[in-house]
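Q: sequence-free structure coming up:
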């Protein structure tokens, strides 16, 4: 049988404690045996003393054993454990492992989510690029196989090829812009300008497109001029994307798109509201994701890249502002944001 030093010391201490109890008992038995209450008191005190001694001995031995075991396994502890962790007891070390396990589990879950997002992103980019590329390839094949001789068909197919190329360029430009925003490569060129005038310019620019879809765009404002300080070119893109989306999603006769500007808390609040089909509550939290489409087929046919609202969100975040959206399905949608008033 192998004798362990620690076990031997424990046995020695416990034996000494019991011998001490026997010695005390032997000393007091003759004097107090006739007095029952004093005898019981002496036995009680001795028992209590034995419990305290045993507790101290066992506690010391457990701590000593625990730290020795921790020192033994310190060579295989993860890098997250420092020298100070070698002084922990087993209970504290267990909690440390539990915290580390929770942290690693959270990181693994985050990595899994990122991997899923990465796959979705690559799939979406491939799909968005593939659609116009296949369209171009199909029309080119048809033209080279003889359709080029028919001038009417040739012009029609070339026009469709031109639109597909334009859509490809839009996707690439939007992707490049988002990449620049996320990498911090875009800087804002802020200036003072009249946001109402900019909105009127955007409405004039999109009026023909709105007429094609029987949609009326209007500006409602309490003051003819409202000056803000922001990047004019970027804000014009925000307005362009929001108003274009409102026109495309109207999808009903006599649709209306109303742009409102009001002064609120020393800021100019801009709201773009339509009476279109609205967005279902379950899809509302995802509309600012890249390539997310409320209704994929319709929006793709309208030439959208699926990046417009993501770009809006990035531009406003670069201005330290946020974009808000409220929508009632089948009744309409309202986007709103604020800019610093000057």
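A: Arrived safely. What you see is a predicted model, and the numbers here were worked out from it, not measured in a lab. Numbering: from 1, shown residues only.

Q: which residues are in contact with the closest residue in space to residue 313 that isn't next to it in sequence?
A: With sequence-adjacent residues excluded and distances taken as C-beta to C-beta, 6 or more residues apart in numbering, residue 313 is closest to residue 288, at 4.6 Å. Quick note: C-beta positions are derived from backbone N, CA and C, even for glycine. Residue 288 sits next to 309, 310, 312, 313, 323 when contact means C-beta atoms under 8 Å, 6 or more residues apart in numbering.

Q: which of those residues sits closest to residue 140?
A: Each of the contacts of residue 288 was scored against residue 140 by C-beta to C-beta, and residue 310 proved nearest at 31.4 Å.

Q: show the pLDDT at the closest one.
A: Predicted confidence (pLDDT) for residue 310: 89.

Q: my read is that residue 338 contacts residue 266, right?
A: No: contact criterion C-beta atoms under 8 Å: residue 338 and residue 266 do not qualify, at 9.7 Å.

Q: looking at the two, which one has more neighbours?
A: Between residue 338 and residue 266, counted using other C-beta atoms under 10 Å, residue 338 has the larger neighbour count: 21 against 9.

Q: can you confirm the more buried one is in a helix?
A: No: counting by DSSP: H, G, I helix; E, B strand; the rest coil, residue 338 is not found in a helix; it is strand.

Q: pLDDT score for it?
A: pLDDT recorded at residue 338 is 96.

Q: list the contacts of it.
A: Going by C-beta under 8 Å, 6+ apart, residue 338 touches 264, 267, 268, 269, 270, 321.

Q: beta-bridge partners for it, please?
A: As for beta bridges, residue 338 partners with residue 269 under DSSP bridges.

Q: measure it to residue 197 for me?
A: Residue 338 is 18 Å from residue 197, where distance means C-beta to C-beta, to the nearest Å.

Q: also residue 263?
A: On the measure of C-beta to C-beta, residue 263 and residue 197 end up 16 Å apart.

Q: do residue 203 as well
A: Shown here: residue 203 relative to residue 197, a distance of 11 Å by C-beta to C-beta.

Q: these two - which one has more neighbours?
A: residue 203 (17 against 13).

Q: so that one is in contact with residue 215, correct?
A: No: in this structure, residue 203 is not within contact of residue 215 by C-beta under 8 Å, at 11.2 Å.

Q: what about the helices in the chain?
A: With DSSP state H, the ranges of helices along the chain come out as 5-32, 36-73, 90-144, 151-182, 195-212, 232-250, 296-301, 308-318.

Q: and the third one, average pLDDT?
A: What that stands for is helix 90-144. According to the model, helix 90-144 has a mean pLDDT of 83.

Q: and that helix, how far from the chain's centre?
A: How far helix 90-144 lies from its chain's middle: 13 Å, per C-alpha atoms, centre = their mean, to the nearest Å.

Q: from residue 132, how far out is residue 59?
A: To residue 132, residue 59 is 76 Å away according to C-beta to C-beta.

Q: repeat for residue 101
A: 48 Å.

Q: looking at those two, which is more packed in?
A: Taking neighbours as other C-beta under 10 Å, residue 101 and residue 132 compare with residue 132 leading, 22 against 10.

Q: distance check, the residue nearest to residue 313 against residue 54.
A: 66 Å.

Q: which residues does residue 279 contact?
A: By C-beta under 8 Å, 6+ apart, residue 279 lies in contact with 287, 294, 325, 327, 329, 333.

Q: could you export the contacts of residue 338 to CSV, including columns for distance to residue 248, neighbour count and pLDDT?
A: Formatted as CSV, the contacts of residue 338 follow (distance: C-beta to C-beta, whole Å; neighbours: other C-beta atoms under 10 Å; pLDDT from 0 to 100):
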residue, distance to residue 248, neighbour count, pLDDT
264, 28, 11, 88
267, 28, 15, 94
268, 26, 22, 96
269, 24, 17, 96
270, 19, 25, 97
321, 24, 16, 95
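
Q: any low-confidence regions in this structure?
A: 1-3, 28, 31-36, 74-90, 293-305 (pLDDT under 70).

Q: tally of neighbours for the spatially closest residue to residue 236 that is not a sequence neighbour?
A: Once flanking residues are discounted, residue 236 sits nearest to residue 198: 5.8 Å by C-beta to C-beta, 6+ apart. Burial of residue 198 is recorded as 19 neighbouring residues (other C-beta under 10 Å).

Q: for residue 198, what are its contacts?
A: Per C-beta under 8 Å, 6+ apart, neighbours of residue 198: 232, 235, 236, 239.

Q: which of these count as buried?
A: Those of these that meet the buried threshold are 232, 235, 236, 239, by 16 or more other C-beta atoms under 10 Å.
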